[in-house]
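**Student:** Fold the following and give me the result.
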Amino acid sequence: MSDNSIVTETKLPDPNEPREFSPEEEDFITFGQKLEDALWNASAPLVMAVDGPWGCGKSYFLRRWASHIKAIEQQEAQKQLEYPRGIKVIYFDAFKKDYLEDPLVSLLLAVVEHIPDQNGIFKEAAKKVLPVLLKSTFNILTAGATRELGELSSAVAEAANNTVQLGIDELNGWWRNAAAREGGMEELQKALTEAMEAEGRVKKLFVIVDELDRCRPNYALRVLETIKHVFAVPNVHFVLGVNLEQLARSVQHAYGTGISGEKYLQRFVHAKMTMKISNESSPDWRHLRARDYLKGIRNDEKNLNLARVLDWVDINENITYREMQRLDTLAQLTRMPNYGLKGLDASAAMILNICKPEFYASLRDRDNTQVKYIKKFFSIEFGERPINMDEEHIILGAWILLQLNEAIPIYVEDNYLQKINLNSTKFNPGIFDRIDGLVIL
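**Tutor:** Have a look, this model is predicted:
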């Protein structure tokens, strides 16, 4: 979407752009290395879940990790190393493909484009068996999905033309032929195994399947089944970006509440790593990344103000990427004048509205029962010399205390607050009236 749109899509790193992790991304480097080591040490096919709640940054990390591996791969190719690591990575956004009934088409295309298939073994096998494996060639063609097939589209179209004369009853019987489907999967597996075993620079294939928990339940389960039955070959490993708790609910949605979703998923997922970025190694980095991410969505005055106030939020608060997106949406939908203190008071109110709604209600209602928690949230520490507070931070803190009917310190270094009329038009009037009733989902 363009920057002129009110609501923007989340801007995430391009997984196909080679770019190594920066030294500041210490948490990503550590987590990514653990994930890579686990996959590298496995030779049997492995499905690893990168598990975490909605909005914790799974997609951001997986895209950056893919980008990082591609950068290393590019460097190895340029240096023509005799013994390269030989890791190839593929990024697959399952949510963008779930309009198809069967994920096999898109997964095959992704692998065909990147597999080290020097002799064309896997590609030819895919062209041969794809029409047999598909549940209904006609459904795919009429759904406008031929663009997903790439080089395979001609093979599917030819198969459809050859079978159109069979009649509906005969055709349905052919699609239900379990032996043909099973044979096709075995042939694909054999071809993929041969392609991976062939002499070449690629020793490991990592396939990232992201956003699986956002897919339609039936489609998400089909993805898992396809991985197990078609792509389970040595040195081909899948990494799922998923909330396993949500995916377990999808299992129950499909098969009923009598089924244990967690146990069912164990048939497909061999191991998991929980996406939990540590605050200990670099506590300021999470806020820095969140702030820069917000400015990356839309680098305008409103988001710059939001980013400035975010700098003052306590570093132990977990501000998620999803909350940054919701903040951007709220800022664009709320008509806030930017005069006076450049909208810092409005920014503080919006941040509380999205991240701490109970604090927002307290500030709006001038209820001081939450004052100590709000002060801690915004790192407000008044005294003769406010601790680590610049002038604008001091002014915002004073405005917050004013809203909460709290005593404002009369003495601050150089009597700075005495020079400020806190009831003047330096602050935005009607902030809460503009925000109330607008719920960002």
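**Student:** Tell me where the stretch 301-441 of the chain has strands.
**Tutor:** Under the criterion DSSP state E, counting those that start in this stretch, the stretch 301-441 of the chain carries no strands.
**Student:** so where is it shaky, pLDDT-wise?
**Tutor:** Scanning the stretch 301-441 of the chain for pLDDT under 70 picks out 337-342, 384-386, 410-427, 429, 441.
**Student:** centroid residue for the protein?
**Tutor:** Among the residues of the chain, the one closest to the centroid is residue 59, at 2.3 Å (Cα atoms, centre = their mean).
**Student:** how far away is that residue from residue 368?
**Tutor:** From residue 59 across to residue 368, the span is 40 Å (Cβ to Cβ, to the nearest Å). Placement of C-beta: from N, CA and C, glycine included.
**Student:** again, but for residue 375
**Tutor:** Taking Cβ to Cβ, one finds residue 375 at 10 Å from residue 368.
**Student:** how does the chain divide into domains?
**Tutor:** Split into domains by automatic domain parsing, the chain comes to 26-274, 285-435.
**Student:** For residue 15, which of the ones you listed is the nearest?
**Tutor:** With Cβ to Cβ as the criterion, residue 15 lies closest to domain 26-274 of these, at 3.7 Å.
**Student:** TSV please, covering the domains of the chain and showing distance to residue 20.
**Tutor:** TSV is the format used below for those (distance: least, Cβ to Cβ, whole Å):
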stretch	distance to residue 20
domain 26-274	4
domain 285-435	16
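**Student:** closest one to residue 16 among the ones you listed?
**Tutor:** Nearest of the domains of the chain to residue 16, taken as Cβ to Cβ: domain 26-274 at 6.8 Å.
**Student:** Need the distance between the two termini of the closest one.
**Tutor:** The first and last residues of domain 26-274 sit 17 Å apart, counting by Cα to Cα, to the nearest Å.
**Student:** any idea of the mean pLDDT in it?
**Tutor:** Per-residue pLDDT over domain 26-274 has a mean of 79.
**Student:** Please identify which helix or strand holds the residue nearest to the centre of the chain.
**Tutor:** Here residue 59, judged by DSSP states H and E, is contained in helix 58-79.
**Student:** Name the strands paired with the very next helix or strand once past that helix and say parallel or antiparallel.
**Tutor:** Counting by DSSP H and E, the next helix or strand C-terminal to helix 58-79 is strand 87-93. Applying DSSP bridges, strand 87-93 is found paired with strand 204-210 (parallel).
**Student:** Distance from the chain centre to the strand it pairs with, please.
**Tutor:** Computed by Cα atoms, centre = their mean, to the nearest Å, the chain-centroid distance of strand 204-210 equals 15 Å.
**Student:** buried ones in whichever helix or strand comes after that strand?
**Tutor:** The C-terminal neighbour of strand 204-210 among helices and strands, as given by DSSP H and E, is helix 217-230. By neighbour count with 16 or more other Cβ atoms under 10 Å, helix 217-230 contains the buried residues 217, 219, 220, 221, 222, 223, 224, 226, 227, 229, 230.
**Student:** got a list of what the second one touches?
**Tutor:** To tie it back to what came earlier, the one meant is residue 219. In this structure, residue 219 makes contact with 94, 98, 100, 101, 103, judged by Cβ atoms under 8 Å, 6 or more residues apart in numbering.
**Student:** what secondary structure does the nearest residue to residue 91 once chain neighbours are set aside sit in?
**Tutor:** Counting by Cβ to Cβ, 6 or more residues apart in numbering, residue 91 lies nearest to residue 15, which is 3.7 Å off, once chain neighbours are set aside. Secondary structure assignment for residue 15 (DSSP: H, G, I helix; E, B strand; the rest coil): coil.
**Student:** distance of residue 15 from residue 205?
**Tutor:** The gap separating residue 15 from residue 205 is 15 Å, by Cβ to Cβ.
**Student:** residue ranges for the helices of the stretch 201-350 of the chain, please.
**Tutor:** 217-230, 244-255, 261-265, 285-297, 301-310, 321-333, 344-355 (DSSP state H, counting those that start in this stretch).
**Student:** JSON lines for the ones you listed, including distance to residue 50?
**Tutor:** Output for the helices of the stretch 201-350 of the chain, formatted as JSON lines (distance: least, Cβ to Cβ, whole Å):
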{"stretch": "helix 217-230", "distance to residue 50": "15"}
{"stretch": "helix 244-255", "distance to residue 50": "10"}
{"stretch": "helix 261-265", "distance to residue 50": "14"}
{"stretch": "helix 285-297", "distance to residue 50": "17"}
{"stretch": "helix 301-310", "distance to residue 50": "26"}
{"stretch": "helix 321-333", "distance to residue 50": "15"}
{"stretch": "helix 344-355", "distance to residue 50": "24"}
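**Student:** didn't the residue nearest to residue 91 look like it was pressed against residue 68?
**Tutor:** No. Contact between residue 15 and residue 68 fails when scored by Cβ atoms under 8 Å: they sit 9.7 Å apart.
**Student:** if we can go back for a sec, the domains of the chain: which one's closest to residue 19?
**Tutor:** domain 26-274 (4.7 Å).
**Student:** and that closest one, how far out from the chain's middle?
**Tutor:** Averaging C-alpha positions (Cα atoms, centre = their mean) puts domain 26-274 18 Å from its chain's average.
**Student:** cool, and stretch 326-333?
**Tutor:** From the chain centre to the centre of stretch 326-333 is a distance of 19 Å (Cα atoms, centre = their mean).
**Student:** ditto for stretch 432-441
**Tutor:** Here stretch 432-441 is found 26 Å from its chain centre; the criterion is Cα atoms, centre = their mean.
**Student:** Could you do stretch 374-394 as well?
**Tutor:** In this view, stretch 374-394 has its centroid 34 Å away from the chain centroid, taken as Cα atoms, centre = their mean.
**Student:** buried set for it?
**Tutor:** 374, 375, 377, 378, 379, 380, 382, 386, 389, 393, 394.
**Student:** Ok, stretch 87-94 next?
**Tutor:** Neighbour counts using 16+ other Cβ under 10 Å place 87, 88, 89, 90, 91, 92, 93, 94 of stretch 87-94 among the buried residues.
**Student:** Equivalent analysis for stretch 299-318, please.
**Tutor:** Buried residues in stretch 299-318, counted by 16+ other Cβ under 10 Å: 302, 303, 304, 305, 306, 307, 308, 309, 310, 312, 313, 317.
**Student:** Just give me the closest of those to residue 267.
**Tutor:** Nearest to residue 267 among the buried residues of stretch 299-318 is residue 317, at 38.4 Å by Cβ to Cβ.
**Student:** got a list of what the residue nearest to residue 91 touches?
**Tutor:** Residue 15 touches 62, 63, 64, 66, 67, 70, 91, 208, counting by Cβ under 8 Å, 6+ apart.
**Student:** Next up, the contacts around residue 218.
**Tutor:** Contacts for residue 218 (Cβ under 8 Å, 6+ apart) come out as residue 254.
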